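Novice: Structure, please.
(chains A, B, C and D)
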Protein chains: 4
Amino acid sequence: MARPDIDLVDIGTPNNLHAEIAIAAAAHGKHILCEKPLALDLEQARRMQAAAAKAGVVAMICHNYRFAPAVQFTRQLIAQGKLGRIYHIRAQYLQDWIMDPEFPLVWRLQKDVAGSGTHGDLSAHIIDLARFLVGEFESVTGLLHTFVEERPLDTSGEGAWGAQGQSGQKRGKVTVDDAAMFLARLEGGVLGVFEASRFAGGNRNGNRFEINGSKGSVRWDLENMNNLQVYLADDPAGLQGFRTINCTEGGVHPYAENWWPPAHIIGYEHTFVHLVGELMNGIAAGRSPHPNFEDGVRNQAVLEAVSQSSSSGQWVKVQAG
Amino acid sequence: MARPDIDLVDIGTPNNLHAEIAIAAAAHGKHILCEKPLALDLEQARRMQAAAAKAGVVAMICHNYRFAPAVQFTRQLIAQGKLGRIYHIRAQYLQDWIMDPEFPLVWRLQKDVAGSGTHGDLSAHIIDLARFLVGEFESVTGLLHTFVEERPLDTSGEGAWGAQGQSGQKRGKVTVDDAAMFLARLEGGVLGVFEASRFAGGNRNGNRFEINGSKGSVRWDLENMNNLQVYLADDPAGLQGFRTINCTEGGVHPYAENWWPPAHIIGYEHTFVHLVGELMNGIAAGRSPHPNFEDGVRNQAVLEAVSQSSSSGQWVKVQAG
Amino acid sequence: MARPDIDLVDIGTPNNLHAEIAIAAAAHGKHILCEKPLALDLEQARRMQAAAAKAGVVAMICHNYRFAPAVQFTRQLIAQGKLGRIYHIRAQYLQDWIMDPEFPLVWRLQKDVAGSGTHGDLSAHIIDLARFLVGEFESVTGLLHTFVEERPLDTSGEGAWGAQGQSGQKRGKVTVDDAAMFLARLEGGVLGVFEASRFAGGNRNGNRFEINGSKGSVRWDLENMNNLQVYLADDPAGLQGFRTINCTEGGVHPYAENWWPPAHIIGYEHTFVHLVGELMNGIAAGRSPHPNFEDGVRNQAVLEAVSQSSSSGQWVKVQAG
Amino acid sequence: MARPDIDLVDIGTPNNLHAEIAIAAAAHGKHILCEKPLALDLEQARRMQAAAAKAGVVAMICHNYRFAPAVQFTRQLIAQGKLGRIYHIRAQYLQDWIMDPEFPLVWRLQKDVAGSGTHGDLSAHIIDLARFLVGEFESVTGLLHTFVEERPLDTSGEGAWGAQGQSGQKRGKVTVDDAAMFLARLEGGVLGVFEASRFAGGNRNGNRFEINGSKGSVRWDLENMNNLQVYLADDPAGLQGFRTINCTEGGVHPYAENWWPPAHIIGYEHTFVHLVGELMNGIAAGRSPHPNFEDGVRNQAVLEAVSQSSSSGQWVKVQAG
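Specialist: Next up is the predicted model:
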């Protein structure tokens, strides 16, 4: 932190270490890029945001999926009123990598290290997409659930850091959720249905949303991330249907002009390239581009409201920031 | 009802007339096929079931989508353990036919006639599919919502019976829901996410489900109802993915042997043909095939629990029947 | 044929019997519906057409796939100029039901009964669709091929009539093609690429076409026959892509007003219902609706030109009728 | 060429300059990577191959699409016999970027610079995929066609180099093809149907193939290049259908272990990264990995046979190398 030749700290550690590193980086005047979720809880997230604000450093949270051209284009369509008044968003982030009960108890399955399981890892992404595209969450009701409650200890020798781990014979308690599902009211009267799971077999990386408005609808799926399905209610009768748009046309689809000719697709890492491009521009301009630490705090507030709802069985109002 | 040459009464009226007709039919010893939802509320549904049981007549409820071969085949896969222990069901029934705020206040939008709106019309179908495929509902939390609260009166001159109606200049209050969304716990620890809407633009008839189990997953969509997507976790590494199966192969896919060669598809009305075939067999054998009035009561219990939850903001236990 | 209470003869026999029956029917003043291909060869087809013309009877050929609403709608789009000048048509009819070399030598695999194999059975359909949608064939070059040259004799006891047959131990020579592929020049400078096969594994009933014009393109697939993919070059930049249209909207999509609400799909047999409806109207009006015996003759001329090309290795001019 | 610090020459010029540069590079002992098609004609291609062989340099041709993991995996499936005996390949490379008749006469539309149009640009790719996956071409019949015969001169001031160009008022003759279509016999009795076009509206980058064998089939589309559709005839009855496989699983799908977790997709440029990786390994090992200049010569032989067939109207035997 003290080295003068370092300007930017990229925090890619397990979640329990984000706050300490970020606050130290801010104190040393370093700009920050932090993995999501921002923190273990809302209070920690707020301290991180306050530290960055006080230090005046650029501080972004790494919600990279916003930066898929199809997602950015969706935001443009909504901002231009092309979808009209928004009625619905339904979003899912479904994976299947821990379905084997013998998969070991890696750090992502331990609450003291990860904060939560599927919820902070996957719900956080679809919450960010909903906030980016539709608006703020007002209230939620939800449920977190753990299907496999004990797993073999991780003997990979990498401690909390093992991405995949190796199974030992001893078992330990899974202290995080395997799946999360929640209903939401968002600003402007939008209804939301959200679900995240690591037990949805066949869904390797199914980060999907559909948004319905009075004038149009969109559908997106990360597994074919270049494509966007768009329905426009103003299309002539008989010619209405979801169009499959390959969002790779320079000058029209965001970021596409930096890459290849139309329909020569880009992939997962390009979303990071776009995010880091914004970060660099932000540092040059002295401002924190979205998604920044305020976004991280607001995201954490939604995560926390769902967790509380899962305990209380009640609708919970989402705190404003 | 008194005519001796009538053996079967098919009730296709608006919902507020189901009970009276069904109870009269049972009293006269007529067999009954009744449109869904069975009744305006659970108490009424129970009276209908009791009347049919007392009379010993065959009494079915017309949940026709069970009878798509792809849905029947899904049930076989689950019964044979091919999908393993079930973790998740997510189902949606999305339409868009009343999105125009000038669409008139037809009977389906009036609570005293229809009982509910989207909920009884569309949620009822996905509840039936979930019960048929996965099992009984234990508890729910949900929300019913009305986007357009006033509409022009229906001047079609057909009163409650107009399917589409015509707009007049006077307006009346919409007394039913436009959209319903709910989370559920089902027996065996299954988690469910459900959504129904008439405001999901571009979804003309999007009755869809995905079920995830420990050994496999399925996906279905009524708009391409002959197809079933099946994922099997036991497929060799590298060859895992959802298969698109055209469920039209006689001797393998249920009911297919009665129709055309493979991949010569069937349509919407064939689901009714299958249901009525079961009804005829039931009458011949003197038993009420599923879905029968007991299924109608159980379905109504789920509908009612969601409605109560929408008022109370709490999870509600589903009554057993 | 002599019975006065019969007005219409529907010829569903193997192909070698079409001509005799049709000519006799015409001679007795009966209207005719004949399965495709019309005849074993062009000369026979012409005699059939002449007989029907002389008798003044209504005479249709049963190319039912024209009557899928999506296909009819495609023709409207082209007629209205929505696709502009047509450049390309590519069409395939791919099946896989005789891939097993032990599948018996049923009548469809015998030249003296069937006339040809895949070519007359499947090429005939895509030729009809091309003629209906794009225009007449001018010249072709092609190849017919037989992958399995000997098969077990059919011991089903049904002789030439067995649809599927049963294998005996004796073998006989397959005298028809298993696959056909051909290039074509069509009127107006359209280029065509066509392929039919019974050896395309996984394609149960893959009757597909794509048409590209200066202003738009369409794609269709019989296995999801209610859907039509439409691309319109005049869509705004960024919003261009193939739309998936469910051709089930009454008043817009042909024939749809006779069936169910939007996206409540129809199936294979409905194409026959539409065709027979046209036939009935034609009989009432005293004219032969398309596809009539002239269409059958023109279709046969294309089939025959491809066969000749397969022998000569040359481009062959298609005879006009 | 004389600089000793240059080891490798990457030839990305218009096609008319490939031969001169490649032969000079070989003469100076430089390794070579050359864009496709290798040359303007077969004779030129052979001289290039001979020069590289004589010099003993590593010489590859840049058919990058071989290196999509889904394509490499297809080759493995075929090599392992998973698809059985191959019956059919059908492949298309369809684009639409010059459909506007006012698009200028850029170098790619001039025969003296480009050698051919769509044919050398797009047919070359699908010929390479067919050779890589199925085997050598034996004979072909085909047609090259130009839809727009005159275009505005290119006034971009970049001469032959302008990728897109600008329209001037003067017009010049288009001397290359806009579309190519051909039938083929390949070794082992495989039938092939091929088509390339720049006039297939809505197909931005539609490089697609389907291969049918006695035991299975595959389908691929560059626009969703991470996915492979696989049909296996040995799947149990009722469970047969094309699977959508996301070819991103490390240790199973070729090259995937170098990139991201499953279903975190890669894009267009990664095919080049894989190719260049092979090139580097080849240089280290002193051998020319496929596709090398021999592949370029064989590809050119197919291109040339189709061109000859387009002139003669006959089937043309493909020269062996």
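
Novice: most centrally placed residue in chain A?
Specialist: Centroid-nearest residue in chain A: A:H125, 1.7 Å away (criterion: Cα atoms, centre = their mean).

Novice: What pLDDT does the model give that one?
Specialist: pLDDT for A:H125: 98.

Novice: what residues are up against it?
Specialist: Counting by Cβ atoms under 8 Å, 6 or more residues apart in numbering or on different chains, A:H125 touches A:36, A:63, A:65, A:93, A:207. Quick note: C-beta positions are derived from backbone N, CA and C, even for glycine.

Novice: in the stretch 101-250 of chain A, which spans are strands?
Specialist: A:137-145, A:150-154, A:167-173, A:179-186, A:190-197, A:206-213, A:216-221, A:227-232, A:242-246 (DSSP state E, counting those that start in this stretch).

Novice: Would you mind naming what in the stretch 51-200 of chain A lies close to chain C?
Specialist: By Cβ under 8 Å from any Cβ of the partner chain, the part of the stretch 51-200 of chain A that sits against chain C consists of A:F73.

Novice: Farthest pair within the contacts of A:H125?
Specialist: Taking every pair in those and measuring Cβ to Cβ, the maximum separation is 12.9 Å, between A:K36 and A:N207.

Novice: Okay, helices next: where are they in chain A?
Specialist: For chain A, the helices defined by DSSP state H occupy A:18-27, A:42-55, A:69-79, A:111-114, A:118, A:124-133, A:268-285, A:293-312.

Novice: Now do the second one: everything it contacts.
Specialist: With Cβ under 8 Å, 6+ apart as the contact definition, helix A:42-55 has outside contacts at A:18-19, A:22-23, A:26-27, A:29, A:32, A:34, A:37-39, A:59, A:288, A:293-294, A:296-297, A:300-301, A:304, A:319.

Novice: now for stretch A:106-115, what's the gap between its first and last residues?
Specialist: For stretch A:106-115, the first-to-last residue distance is 13 Å (Cα to Cα, to the nearest Å).

Novice: swap that for stretch A:22-40, sorry
Specialist: Per Cα to Cα, stretch A:22-40 runs 13 Å from first to last residue.

Novice: Run the chain-centre distance for that stretch.
Specialist: Its chain's C-alpha centre and that of stretch A:22-40 lie 17 Å apart, by Cα atoms, centre = their mean, to the nearest Å.

Novice: in that stretch, what's buried?
Specialist: If you call a residue buried by 16 or more other Cβ atoms under 10 Å in any protein chain shown, then stretch A:22-40 has these buried ones: A:22-23, A:25-26, A:30-40.

Novice: Tally up the residues packed near the residue of the stretch 51-200 of chain A found nearest chain C, please.
Specialist: The nearest approach of the stretch 51-200 of chain A to chain C comes at A:F73, 6.8 Å away (Cβ to the nearest Cβ). A:F73: 24 surrounding residues under other Cβ atoms under 10 Å in any protein chain shown.

Novice: what's the answer for A:S167, then?
Specialist: Neighbour count of A:S167, defined by other Cβ under 10 Å: 17.

Novice: check contacts around the nearest residue to it once chain neighbours are set aside.
Specialist: The shortest distance from A:S167 to any non-neighbouring residue, by Cβ to Cβ, 6 or more residues apart in numbering or on different chains, is to A:P152 (3.9 Å). Going by Cβ under 8 Å, 6+ apart, A:P152 touches A:102, A:104-105, A:167-172.

Novice: buried ones in stretch A:275-287?
Specialist: Going by neighbour count (16+ other Cβ under 10 Å), the buried part of stretch A:275-287 is A:275-276, A:278-279, A:282-283.

Novice: Can you tell me which of those residues is closest to chain B?
Specialist: Distance to chain B across the buried residues of stretch A:275-287 (Cβ to the nearest Cβ) is lowest for A:L275, with 29.4 Å.

Novice: Quick check: the gap between the closest one and A:C34.
Specialist: Using Cβ to Cβ, to the nearest Å, A:L275 is found at 12 Å from A:C34.

Novice: Equivalent analysis for A:D177, please.
Specialist: A:D177 is 22 Å from A:C34, where distance means Cβ to Cβ.

Novice: what does A:H125 give?
Specialist: Taking Cβ to Cβ, one finds A:H125 at 15 Å from A:C34.

Novice: Tell me the buried residues in the worst-scoring helix or strand of chain A on mean pLDDT?
Specialist: Counting by mean pLDDT, DSSP states H and E, the weakest-scoring helix or strand in chain A turns out to be strand A:167-173, with a mean of 89. Along strand A:167-173, these residues count as buried under the neighbour rule (16+ other Cβ under 10 Å): A:S167.

Novice: Any residues of the stretch 151-300 of chain A in contact with chain B? List them.
Specialist: A:179, A:181-183, A:185, A:189, A:191, A:193, A:195, A:197, A:199-203, A:210, A:212-217, A:231, A:233, A:240-242.

Novice: and those residues, which are buried?
Specialist: A:179, A:181-183, A:185, A:191, A:193, A:195, A:197, A:199-203, A:210, A:212-217, A:231, A:233, A:240-242.

Novice: for the stretch 201-321 of chain A, what are the low-confidence residue spans?
Specialist: A:321 (pLDDT under 70).

Novice: By proximity to chain B, which residue of the stretch 1-150 of chain A wins?
Specialist: A:Y87 (4.6 Å).

Novice: how much space between the nearest residue to A:M99 once chain neighbours are set aside and B:P152?
Specialist: Closest residue to A:M99 apart from its sequence neighbours, by Cβ to Cβ, 6+ apart: A:F199 at 5.5 Å. For A:F199, the distance to B:P152 (Cβ to Cβ) stands at 47 Å.

Novice: And for A:A305?
Specialist: A:A305 sits 39 Å away from B:P152, going by Cβ to Cβ.

Novice: Same check on A:A179?
Specialist: If you go by Cβ to Cβ, the gap between A:A179 and B:P152 works out to 44 Å.

Novice: again with A:R198
Specialist: Computed as Cβ to Cβ, the A:R198 to B:P152 distance reads 49 Å.

Novice: again, but for A:S310
Specialist: Distance, A:S310 to B:P152, using Cβ to Cβ: 43 Å.

Novice: tell me the contacts of the closest residue to A:R90 other than its chain neighbours?
Specialist: Excluding its sequence neighbours, the residue lying closest to A:R90 (Cβ to Cβ, 6+ apart) is A:V193, at 4.4 Å. Residues near A:V193 by Cβ under 8 Å, 6+ apart: A:88-91, A:183-184, B:181, B:193, B:195.

Novice: can you list contacts of the least confident helix or strand of chain A?
Specialist: The contact list for strand A:167-173 (Cβ under 8 Å, 6+ apart) reads A:102-105, A:149-155.

Novice: want to try CSV for those, with pLDDT as columns?
Specialist: Converted to CSV, those look like this (pLDDT from 0 to 100):
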residue, pLDDT
A:E102, 95
A:F103, 96
A:P104, 95
A:L105, 95
A:E149, 97
A:E150, 97
A:R151, 97
A:P152, 96
A:L153, 94
A:D154, 90
A:T155, 85
